[in-house]
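Undergrad: Let me see the structure of the following:
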Amino acid sequence: MFLHPLECAKETFFVLQRMERQQYGLQQEHPPVWKDGHHLLYVQEGEGILRVDGDPLLLKPGKIVLLAPDCCVEVEGRSCKPLSLYDFSFTYTVASDTPAQSKKAKAVFSPGHHALSAQAAARFAQLLEQMEQLAETEEPLAKWKQSILFQEIMYLAASDPLTTEETGGTREAIEKVLLYVQQHYQEDISLKEVAQMHGISASNFSSVFKKHVGLNPLDYVTQLRMAQAQRKLKASQPIELVARQVGFKDPLYFSRIFKRTVGVTPSAYRKQSQTDKIVTLKNRPDHPDHFAG
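TA: Here you go, the predicted structure:
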């Protein structure tokens, strides 16, 4: 648990400074960003990898991440669906400004992450919707109301039972497996060996994986590889090279799996991607007809 909702936490008030929705697509480059204040990240949809000062962390829907000030953050989308997350920057104060309370404030939380339970995630989504509605109004007290709702968001992060009941054990092991697969999808992966590496029985690995992820292990790896293949094909890389880069030794087998998963052949997908780029470029209102001499 990264928040400590005991004596010091109940005396703390969190002040929202900015709420920003961010999207990370497969085909886009996302340079590292320096975070100089307190930030809470919430993953709405998609999957990817977050690197905080170089340390990787798997991102998936429902996960919240608390960042300490002065850290370098890099986000990379890793699924067909764009990675969408909310970034809340905030400060916090304590109810009393005595020296003793000031020391306590430093112990309110520490950087960390966990996945919200279904109930907490549903409430989180409701709070987000209310906060977005307030952001679009000119109501004088809208900013104040947003901060009140953000206080409840921080309460959810501290009180969600999933934090203490399910972060360890099987769920944590599955997250480690997912992170390993995200980082090694281009290699010849033995999923049973990966499971055993992370303390999961090979005999029931598939059922446990599907329970937590929603897909069986093979389908998850295939989906990840195809998402990466689409990104590389959009960059006009040769099909044979793309096949090798996403873990296929046989380009023909790669093409069959790609068509079965995506619906078209790799060559057709690459051609269509290039056509879309040309159309988009021509339709840009700021596209110049000529270069100034």
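Undergrad: Could you list the low-pLDDT ranges of the stretch 51-200 of the chain?
TA: For the stretch 51-200 of the chain, the stretches with pLDDT under 70 are 80, 96-110, 161-169.
Undergrad: redo that, cut-off 80
TA: 54, 56, 78-81, 94-115, 117-118, 158-172, 175, 191-192, 198 (pLDDT under 80).
Undergrad: Is it correct that residue 42 falls within a strand?
TA: Yes: the assignment for residue 42 (DSSP: H, G, I helix; E, B strand; the rest coil) places it in a strand.
Undergrad: Return the set of residues that bridge with it.
TA: Taking DSSP bridges as the rule, residue 42 bridges to residue 64, residue 86.
Undergrad: how close does residue 257 sit to residue 76?
TA: 23 Å (CB to CB, to the nearest Å). Any C-beta I mention is one placed from the backbone N, CA and C, and that applies to glycine too.
Undergrad: Next: residue 112.
TA: Distance from residue 112 to residue 76, by CB to CB: 20 Å.
Undergrad: so what's residue 20 up against?
TA: 86-87, 89 (CB atoms under 8 Å, 6 or more residues apart in numbering).
Undergrad: got the residue ranges for the helices in the chain?
TA: Remark: helices assigned in the chain by DSSP state H are 7-10, 99-105, 118-135, 142-159, 162-165, 169-184, 191-197, 205-213, 217-234, 239-245, 251-262, 266-283.
Undergrad: Nearest approach to residue 70 belongs to which of the ones you listed?
TA: Residue 70 lies closest, by CB to CB, to one member of these: helix 99-105, at 17.5 Å.
Undergrad: on that earlier part again, which one among the contacts of residue 20 gets closest to residue 15?
TA: Of all the contacts of residue 20, residue 15 sits closest to residue 89, with 10.1 Å by CB to CB.
Undergrad: what about the closest one, neighbour count?
TA: As a burial measure, residue 89 scores 16 neighbours (other CB atoms under 10 Å).
Undergrad: Can you verify my assumption that it contacts residue 14?
TA: No: using CB atoms under 8 Å, residue 89 is not in contact with residue 14, being 11.0 Å away.
Undergrad: got the end-to-end distance for stretch 159-173?
TA: 23 Å (CA to CA, to the nearest Å).
Undergrad: follow-up on the earlier one: any chance of the helices of the chain in JSON lines, plus distance to residue 64?
TA: Formatted as JSON lines, these follow (distance: least, CB to CB, whole Å):
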{"stretch": "helix 7-10", "distance to residue 64": "16"}
{"stretch": "helix 99-105", "distance to residue 64": "21"}
{"stretch": "helix 118-135", "distance to residue 64": "8"}
{"stretch": "helix 142-159", "distance to residue 64": "6"}
{"stretch": "helix 162-165", "distance to residue 64": "10"}
{"stretch": "helix 169-184", "distance to residue 64": "14"}
{"stretch": "helix 191-197", "distance to residue 64": "26"}
{"stretch": "helix 205-213", "distance to residue 64": "17"}
{"stretch": "helix 217-234", "distance to residue 64": "22"}
{"stretch": "helix 239-245", "distance to residue 64": "32"}
{"stretch": "helix 251-262", "distance to residue 64": "31"}
{"stretch": "helix 266-283", "distance to residue 64": "34"}
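Undergrad: No further queries at this time; thank you.
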